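Peer 1: Sharing a model prediction with you, sequence too.
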Amino acid sequence: MTAPTPVLAHTHQMDPAVLTEIRAFLDTAFEGDFSDEDWEHTLGGVHAYVTGDAGILAHGSVVQRRVRYAGRSYRTGYVEGVAVRAGRRREGLGGQVMAALEGVLDGAYDLGALSASASGAPLYRARGWWAWPGRIAAQGPDGTVPLPHEEGSAYLRGTGGGPLPFPAGSAETGTLQFDWRDGDVL
C-alpha cells in the first residue's frame, strides 16, 4: 500500500466534483461550523489535498492576501481550510498538507499567515509558525477595524521558515492589519 501524498492544484485546475467533495469533507471535519464564506476563503489559490479509499483524507489551501505592518503592505500567503478526516488524525497527513502549502508560500509570498484553532495550533508551532503577540486589525471599508478577539490566534511564518520580512521585536507594540473580506476577516 502506497502512503498517501498531497496533490497540489490551483482552484481553476480542479474538477468541480473534487471541489464538491472537498467542500463536503470540510463541512464534516469542522462539524458543521464551516460557512459558505469560509468556503469562499479557501478558493482562488492553491489546494493541497490527500485522498484515499475513503475519499478526501486531508486538505488545506493557500490564497493571496495583503497584510500591512509599520506602513508597508506585504504579499501574504494565507492558509485556509486545513483539516484531517476524523479517525485519520495524528498520522502525519496534516503535516504533509502543510509541507506542500509551505512550499507554495516559500516560492510565491513575502510571508505566510493563518488563524489557528486551539487544537490546530500545536501542528503549526511544531512546523515553525509562531503566534503573533501584537494587535490584529483589518482594513475595513470605513477604515481600520480592531480585532481583539483574533489576537493570539494569528500565526506567521517567514518564507523558507526564516525570519519575517519585518522586525518581530516590535510586534508587541505593532498592529498587523489584514485586508478586508466578507465573513471572518481572519
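Peer 2: Yep, it's here.

Peer 1: the strands in the protein, which residues?
Peer 2: Assigned by DSSP state E, the chain shows strands spanning 7-10, 46-52, 55-69, 72-84, 111-115, 130-131, 135-140, 143-146, 154-158, 175-179.

Peer 1: Quickly run through the sheet partners of the fourth one, with directions.
Peer 2: Sheet neighbours of strand 72-84, with direction, are listed as strand 55-69 (antiparallel), strand 111-115 (parallel) (DSSP bridges).

Peer 1: And for the second one?
Peer 2: Each strand pairing with strand 46-52, determined using DSSP bridges, is listed with its direction: strand 7-10 (antiparallel), strand 55-69 (antiparallel).

Peer 1: Just name the most buried of those.
Peer 2: strand 55-69 (a mean of 22; mean count of other Cβ atoms under 10 Å). (C-beta placed from N, C-alpha, C; glycine too.)

Peer 1: Could you list the low-pLDDT ranges of this protein?
Peer 2: 1-2, 167-173 (pLDDT under 70).

Peer 1: Across the sheet, point out what pairs with residue 65.
Peer 2: Beta-bridge partners for residue 65, by DSSP bridges, are residue 76.
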